[in-house]
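>>> Have a look; sequence and predicted model below, questions after that.
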Amino acid sequence: MELKKENANLYDQFLKYSYTELKELFDKAKTKDEQDFYMNMANLVLQREQKRVIKEMPV
């Protein structure tokens, strides 16, 4: 499968979404698969934020 240039930076596009935006997309999803997709992306955002917070905690 050949990637188009506009799809080549899917990860960069994902990084632009906030948890709130992904939750809104989840709420508007038309299928269970679409809901699962957005919830998984929202969970990745939360995990990334947790890692950042943990790094900043004083030891």
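Good, I have the coordinates.
>>> who touches stretch 12-19?
41, 42, 44, 45, 46, 49 (CB atoms under 8 Å, 6 or more residues apart in numbering). Using the backbone N, CA and C atoms, a C-beta is placed for each residue, glycine as well.
>>> which one of these sits closest to residue 30?
residue 41 (16.2 Å; CB to CB).
>>> tell me the pLDDT at that closest one?
For residue 41, the model assigns a pLDDT of 96.
>>> can you offset everything so residue one is 381?
I'll keep to 381 as the first residue from here, and by that count the last item is residue 421.
>>> Pull the number of nearby residues for it.
Neighbour count of residue 421, defined by other CB atoms under 10 Å: 17.
>>> Also residue 406?
Neighbours around residue 406, by other CB under 10 Å: 17.
>>> host element of it?
Taking DSSP states H and E as the definition, one finds residue 406 inside helix 399-408.
>>> which secondary structure elements does the helix or strand containing residue 431 contact?
Assessed by DSSP H and E, residue 431 sits inside helix 412-436. Judged by 3 or more CB pairs under 8 Å, 6 or more residues apart in numbering; DSSP states H and E, the packing partners of helix 412-436 are helix 399-408.
>>> so the helix it packs on versus helix 412-436, what angle?
Here the directions of helix 399-408 and helix 412-436 differ by 160 degrees (axes from the mean of the first three to the mean of the last three CA atoms, to 10 degrees).
>>> If you count neighbours, what's buried in helix 399-408?
402, 403, 405, 406 (16 or more other CB atoms under 10 Å).
>>> likewise stretch 419-432?
For stretch 419-432, a neighbour-count test (16+ other CB under 10 Å) marks 421, 422, 425 as buried.
>>> That's all I had, so thanks and see you.
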